[in-house]
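Participant: could you work out the structure for the sequence below:
(one chain, ligands or ions: 2)
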Amino acid sequence: EDIQVSRFIEDCMDELKLEQGHGDIKIKMQNQVEEDTLVIIDSQKIRRVIFNIVQNAIKYMEKDDKILTISLTERQDTVSISIMDNGVGIKKEQLPFIFNKFYRVDESRNTKAGGTGLGLSIAKQIIEAHGGTIWARSQQGEGTTICFTLKKVMNGE
Ligand code: ATP
Ligand code: MG
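Facilitator: Ligands and ions are numbered 1, 2, ... in the order given. Below you'll find the predicted structure:
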């Protein structure tokens, strides 16, 4: 399905806000993608990816002052979507494993948050099936950024 990616991500975020009703989280949108930029995606699946990432950000932000920053940037053939939180962060040694099935950081920290360790592995599978890539950056105590790319529909395609 051809989708206007800029509009699509904005809609996803609006849906999330309504669904979760998390009034205490500030969401900042930085959208630098042209309105008419298209991507071919299974929108249900990409929505799942965004929900999984945002769900983590919310779950693993323990602070009072929770800020989620969504940035959309555009290159020649791809659009990158990055979702940054200011939560607890992930240790460098653990970062390479977070996209693995059933991997969860530090059981003690995670038991109260709950989960199966599947959210990011599903996200990775979906993004790769779309021909994109997904990666993470994190600084312990400062926050985590999950970033993924989608291929643009080029002129004349
Ligand atoms: P599920 O998503 O299946 O409910 P989960 O959230 O534990 O369970 P993933 O979403 O795959 O599993 O995430 C893997 C692990 O990576 C998490 O258990 C958590 O330790 C860590 N993690 C993921 N996102 C963040 C984040 N935004 N901040 C801190 N840690 C994170
Ligand atoms: Mg998760």
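Participant: ok, the nearest residue to Ile90 once chain neighbours are set aside - contacts?
Facilitator: With sequence-adjacent residues excluded and distances taken as CB to CB, 6 or more residues apart in numbering, Ile90 is closest to Ser138, at 4.1 Å. Placement of C-beta: from N, CA and C, glycine included. Ser138 makes contact with Gly89, Ile90, Lys92, Leu95, Thr144, Thr145 under the criterion CB atoms under 8 Å, 6 or more residues apart in numbering.
Participant: so which of the residues you listed sit within helices?
Facilitator: Using DSSP state H, no member of those sits in helices.
Participant: in terms of helices and strands, where is Lys28?
Facilitator: Using DSSP states H and E, Lys28 sits in strand 25-31.
Participant: in the helix or strand just after that strand, what's buried?
Facilitator: The helix or strand immediately downstream of strand 25-31 is strand 38-40, counting by DSSP H and E. For strand 38-40, the neighbour count (16 or more other CB atoms under 10 Å) marks Leu38, Val39 as buried.
Participant: could you check the angle the helix or strand that strand 38-40 is followed by makes with strand 25-31?
Facilitator: For strand 38-40, the following helix or strand on the C-terminal side (DSSP H and E) is helix 43-59. When axes from the mean of the first three to the mean of the last three CA atoms, to 10 degrees is applied, the directions of helix 43-59 and strand 25-31 differ by 130 degrees.
Participant: need the residues that contact the strand holding Lys28.
Facilitator: With CB under 8 Å, 6+ apart as the criterion, strand 25-31 contacts 6, 9-10, 13, 17, 58, 61, 65-72.
Participant: and if you look at stretch 80-97?
Facilitator: With CB under 8 Å, 6+ apart as the criterion, stretch 80-97 contacts 9, 50, 53-54, 57-58, 60-63, 65-74, 98, 103, 105-106, 109, 136, 138-150.
Participant: near ligand 2, which residues of the chain?
Facilitator: Asn56, Gly119 (CB under 5 Å from the ion).
Participant: helix or strand with the lowest mean pLDDT in the chain?
Facilitator: Ranking every helix and strand in the chain by mean pLDDT, DSSP states H and E puts helix 107-111 at the bottom, with a mean of 61.
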